[in-house]
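Undergrad: Here's my sequence, what's the structure:
(chains A, B and C)
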Amino acid sequence: MTIKHIGVGPRMSQAVVHGNTAYFAGQVGTAGADIATQTQDCLDAVDRLLAEVGSNKSKLLQVVIWLADMDDFAAMNTVYDGWIDPAAPATRACGEAKLATPDFLVEFIVTAAI
Amino acid sequence: MTIKHIGVGPRMSQAVVHGNTAYFAGQVGTAGADIATQTQDCLDAVDRLLAEVGSNKSKLLQVVIWLADMDDFAAMNTVYDGWIDPAAPATRACGEAKLATPDFLVEFIVTAAI
Amino acid sequence: MTIKHIGVGPRMSQAVVHGNTAYFAGQVGTAGADIATQTQDCLDAVDRLLAEVGSNKSKLLQVVIWLADMDDFAAMNTVYDGWIDPAAPATRACGEAKLATPDFLVEFIVTAAI
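TA: A predicted model of the protein is given here:
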């Protein structure tokens, strides 16, 4: 199967497509912004990557969410629930994990079909 | 490749099958129960999802385990070790992550072949 | 698709290969060693597993990194950045998670193409 790298940087690719499956780098939002803004930033970034690999929200396979503080669970969910395709929601898991710096409140690790 | 959603809820699917690979939502147990019970609950849920997608324990690919408190590592392992197919165990990783509420002690994130 | 287990132990396989995709168990380094050493240990273990499944660094798909303490982020990155294939870096996500014992500082969870 073919392997295609997208958004290649010095440390990581933003996406790697293997055959019909796309793996995205963990997406974060604007450092220091509130949880709703950072969540929307992340999901906007996911939408851009989905478009770039020729996919869309209805083809999400797995979404792993790291929250720096589980107290932000409800606020994150409000944005997430408004974003997903209700006819084809991904599988999901959400756990608490501190991120690269305290200014990052949430990170989304996404796998999608093409 | 085909994409099939199983257990579609307002926020997530319990499983998404992409071709011959199944991704499961993070499975949790009975809130407030002890670690052995919650672990068994999770693995029972995994067994049910495996059956639903037409797979079984011998076809597990990856199991990621989040423990709310690593002090529960040994007690979780006792249940896990008794559950796996010893001829075909999945790859595994286990780290500490607080979960949606303090009543949840463990979560299993599973990928399986069909 | 075929499923092949590599490094089968009583609790987990070190790798499971499904068709053209390989899932590796979370790799840890020498307990008690410093972060640079443990990171290199992990990446050496990944290299060995890649060779064993007939793959190599240019075919990495996703690398999830758990750091027991995010203060080790920079020191881990120095080793990681020197290891990756700059022409074909994997996607990556790094979050803080305590590991099996306090002696383990970092764990790498890797998915690769064959």
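Undergrad: residues from chain A in reach of chain B?
TA: Taking Cβ under 8 Å from any Cβ of the partner chain as the contact definition, chain A meets chain B at A:20-21, A:59-64, A:66, A:70, A:73, A:77, A:80-81, A:84, A:86-97, A:111, A:113. C-beta: built from backbone N, CA, C; applies to glycine.
Undergrad: can we see that at 10 Å?
TA: With Cβ under 10 Å from any Cβ of the partner chain as the criterion, chain A meets chain B at residues A:19-21, A:58-67, A:69-70, A:73, A:77, A:80-81, A:84-97, A:111-114.
Undergrad: Select from these every entry located in strands.
TA: Residues of these located in strands (DSSP state E): A:21, A:60-67, A:91-96, A:111-113.
Undergrad: ok, and the closest non-adjacent residue to the closest residue to chain C within chain A?
TA: At 3.0 Å from chain C, residue A:26 is the closest residue in chain A, using Cβ to the nearest Cβ. The spatially closest residue to residue A:26, leaving aside those adjacent along the chain, is residue C:93, at 3.0 Å (Cβ to Cβ, 6 or more residues apart in numbering or on different chains).
Undergrad: Now for the one you found: which residues touch it?
TA: Each residue near residue C:93 by Cβ atoms under 10 Å, 6 or more residues apart in numbering or on different chains is listed here: A:12, A:23-28, A:64, A:66, A:97, A:99-100, A:107-110, C:62-66, C:109.
Undergrad: same question, residue A:90
TA: Residues in contact with residue A:90, defined by Cβ under 10 Å, 6+ apart, are A:57-64, A:84, A:110-112, B:5, B:11-13, B:16, B:23, B:25.
Undergrad: Find me the pLDDT at residue A:82, would you?
TA: For residue A:82, the model assigns a pLDDT of 98.
Undergrad: What is the burial count for it?
TA: Counted with other Cβ atoms under 10 Å in any protein chain shown, the burial measure for residue A:82 works out to 11 neighbours.
Undergrad: where's it relative to residue A:43, distance?
TA: The spacing between residue A:82 and residue A:43, counted by Cβ to Cβ, to the nearest Å, is 9 Å.
Undergrad: Can you tell me which of the contacts of residue A:90 are buried?
TA: The neighbour-count test (16 or more other Cβ atoms under 10 Å in any protein chain shown) marks A:57-64, A:84, A:110-112, B:5, B:12-13, B:16, B:23, B:25 as buried among these.
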